[in-house]
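S.K.: okay, here's the prediction I keep looking at, along with the sequence it came from:
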Amino acid sequence: MTPRLAVAKSSRRDRSVSDTERLLDLLNRLLGSTFRQILWRRALELELTYSQSQVLFHVEQNPGCHMGDVARAFGVTLAAVTQVVDRLEQKRFLIRGDDYILMATREGKDLVAELRALRRDGLERVLVKISARTRAALIEGLEALVDAASGVAEPASARSATRRVRPPQGGVP
């Protein structure tokens, strides 16, 4: 490799790292912003943890899913999902049926709808502050990021975490 090519490669890598760090910083700032605080204020009133809310959203969007499906979706162990599901059942937000099938209760569905509305309203209050052109560019950029992320192979740690999760055999996890 020529010195000029090495410098060009190094410069691209430095820009890539800088872009990555900048994007991570922006996402962290965004997720810690006002509309997230509004959403989590309601969740805290219900003593609903982030993990519980994510599992509840997943089950509501995927009625009849198995606990193993939830574990795979989040890359965690079945034991971790079991703890979260136990708490959600205690709060009457979901039920665990035969063969560990999960369903959101009416209360759970209502809560998901309420949290979605809070999230949507909070984001809308932010989006009205930027131009239509900037919103379109933002959506286009995020769609490209999601598309690119879907084409990236899972890291080895995520694959091994997923492998630990197996559907229950004999009816007992």
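M.R.: Perfect, thanks for sending it.

S.K.: going by C-alpha atoms from here, please, whenever you check contacts or count neighbours.
M.R.: Noted.

S.K.: in the chain, which spans are helices?
M.R.: 3-31, 34-45, 50-61, 67-74, 78-90, 106-127, 132-150, 156-163 (DSSP state H).

S.K.: and Tyr100, which of these is closest to it?
M.R.: helix 67-74 (6.0 Å; Cα to Cα).

S.K.: for that closest one, what is the average pLDDT?
M.R.: Confidence over helix 67-74, taken as the mean pLDDT, stands at 94.

S.K.: how about it: buried residues?
M.R.: Met67, Gly68, Asp69, Val70, Ala71, Arg72, Phe74 (16 or more other Cα atoms under 10 Å).

S.K.: farthest pair in those residues?
M.R.: Among the buried residues of helix 67-74, the pair separated by the greatest distance (Cα to Cα) is Met67 and Phe74, at 11.0 Å.

S.K.: of the helices of the chain, flag the one that's most buried.
M.R.: Mean neighbour count (mean count of other Cα atoms under 10 Å) peaks for helix 67-74 among those, with a mean of 21.

S.K.: ok and that one relative to helix 78-90, angle-wise?
M.R.: Put simply, helix 67-74 runs at 110 degrees to helix 78-90, going by axes from the mean of the first three to the mean of the last three Cα atoms, to 10 degrees.

S.K.: what is helix 67-74 packed up against?
M.R.: helix 50-61, helix 78-90 (3 or more Cα pairs under 8 Å, 6 or more residues apart in numbering; DSSP states H and E).

S.K.: give me the angle between that helix and helix 50-61.
M.R.: Using the same axes, to 10 degrees: helix 67-74 against helix 50-61 is 120 degrees.

S.K.: gap between helix 67-74 and the chain center?
M.R.: 13 Å (Cα atoms, centre = their mean, to the nearest Å).

S.K.: so for stretch 98-105, mean pLDDT?
M.R.: In the prediction, stretch 98-105 has an average pLDDT of 93.

S.K.: to Ser131, which of the helices and strands packed on helix 67-74 lies closest?
M.R.: The nearest among the helices and strands packed on helix 67-74, by Cα to Cα, is helix 50-61 at 30.6 Å.

S.K.: may I have the closest one as CSV, with CA atoms only?
M.R.: This file holds the C-alpha atoms of helix 50-61, laid out as CSV (Å, rounded to 0.1, in the frame of the first residue of the first chain):
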residue,chain,number,x,y,z
TYR,A,50,-38.1,-0.2,30.6
SER,A,51,-37.7,-4.0,30.1
GLN,A,52,-41.3,-4.5,31.1
SER,A,53,-42.6,-1.9,28.7
GLN,A,54,-40.6,-3.3,25.8
VAL,A,55,-41.9,-6.8,26.5
LEU,A,56,-45.4,-5.5,26.8
PHE,A,57,-45.1,-3.6,23.5
HIS,A,58,-43.7,-6.8,21.8
VAL,A,59,-46.5,-9.0,23.1
GLU,A,60,-49.2,-6.5,22.1
GLN,A,61,-47.7,-6.3,18.6
